[in-house]
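Novice: I need the structure of the sequence given here:
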Amino acid sequence: MGGAPKALMEVGGVRVIERVVAALRAVLDDLLIVTNSPDVYRFLDLPLVPDVYPDRGSLGGIYSGLKAAAGEAAFTVACDMPFLHPEIIRLVLRQASQADVVVPRVGDQLETLHAAYAKACLEHIEPRLRAGRLKITDFFGTVRVVEIPEREIARVGSPDIAFMNINTPADLERARQIARGLE
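Specialist: Numbers count the residues shown, from 1 in each chain. All right, here's what the predicted structure looks like:
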């Protein structure tokens with residue numbers, strides 16, 4: 001995306017990060033943002049925490065947010081998902097007490113950046129971060145995982161839209177078209 005923060009791009013006249021925060025606030029009271037650029041997100045008036053292990057990708061962000069979270073588990077999402085669906089978030093959270101990781105599955109894809117992680121995951125993630133082994137699902141074999149099947153997700157919202165993220169200019173244009181259609 002040319003180095004511009006994806007979270008600050010507008011979809012439907014609203015910055016993506018503001019759409020993410022609104023969807024989360026519909027379900028959760030306690031939010032925080034993991035960022036190494038706090039000045040960029042200060043306008044959200046939310047707690048901002050840096051990566052414990054900088055430059056460790058999404059797994060590092062999950063670890064940092066989970067470590068900073070007040071409760072025994074945290075729901076994590078990417079900052080570039082403009083169409084989060086509160087009912088899908090609730091679907092994940094309702095099962096959070098049953099496992100260390102609760103993650104939706106769509107086709108062959110686990111939606112690891114729309115999942116709940118228990119604090120018990122920290123001890124399994126940290127050695128991977130130190131070793132530079134950053135694939136999120138690599139630690140799943142060492143913890144209890146509950147997968148939410150696509151058919152359950154589809155009952156409350158379209159997985160193609162709810163889990164969409166913005167990685168390219170084409171993705172951004174598609175998101176803008178979807179937003180126009182939803183209005």
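Novice: residue boundaries of the strands in this protein?
Specialist: Counting by DSSP state E, the chain has strands at residues 10-11, 14-15, 33-34, 48-49, 73-77, 101-106, 109-110, 114-118, 145-148.
Novice: Export those as JSON lines, with columns for mean pLDDT.
Specialist: Formatted as JSON lines, the strands of the chain follow (pLDDT from 0 to 100):
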{"stretch": "strand 10-11", "mean pLDDT": "96"}
{"stretch": "strand 14-15", "mean pLDDT": "96"}
{"stretch": "strand 33-34", "mean pLDDT": "96"}
{"stretch": "strand 48-49", "mean pLDDT": "97"}
{"stretch": "strand 73-77", "mean pLDDT": "97"}
{"stretch": "strand 101-106", "mean pLDDT": "98"}
{"stretch": "strand 109-110", "mean pLDDT": "97"}
{"stretch": "strand 114-118", "mean pLDDT": "98"}
{"stretch": "strand 145-148", "mean pLDDT": "98"}
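Novice: Tell me which of these lies nearest to K67.
Specialist: Closest to K67 of the strands of the chain, according to Cβ to Cβ: strand 48-49, at 8.3 Å. All C-beta atoms are positioned from the backbone trio N, CA, C, and that covers glycine.
Novice: Could you list every helix and strand in contact with the closest one?
Specialist: Applying 3 or more Cβ pairs under 8 Å, 6 or more residues apart in numbering; DSSP states H and E, one finds that strand 48-49 contacts strand 33-34, helix 57-68.
Novice: Using PDB, list the CA coordinates for the last one.
Specialist: As requested, the backbone C-alpha atoms of helix 57-68 are provided in PDB (Å, rounded to 0.1, in the frame of the first residue of the first chain):
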ATOM      1  CA  GLY A  57       4.700  -9.700  12.700                       C
ATOM      2  CA  SER A  58       1.200 -10.700  13.600                       C
ATOM      3  CA  LEU A  59       2.300 -13.400  16.100                       C
ATOM      4  CA  GLY A  60       4.300 -10.700  17.900                       C
ATOM      5  CA  GLY A  61       1.200  -8.400  18.000                       C
ATOM      6  CA  ILE A  62      -1.000 -11.200  19.400                       C
ATOM      7  CA  TYR A  63       1.600 -11.900  22.100                       C
ATOM      8  CA  SER A  64       2.000  -8.200  23.000                       C
ATOM      9  CA  GLY A  65      -1.800  -7.600  23.100                       C
ATOM     10  CA  LEU A  66      -2.400 -10.800  25.100                       C
ATOM     11  CA  LYS A  67       0.300 -10.000  27.600                       C
ATOM     12  CA  ALA A  68      -1.100  -6.500  28.100                       C
END
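Novice: So for it, what gets flagged as buried?
Specialist: Within helix 57-68, the residues scored as buried using 16 or more other Cβ atoms under 10 Å are 59-66, 68.
Novice: And stretch 88-100, by the same measure?
Specialist: Applying 16+ other Cβ under 10 Å to stretch 88-100 flags 88-89, 91-92, 96, 99-100 as buried.
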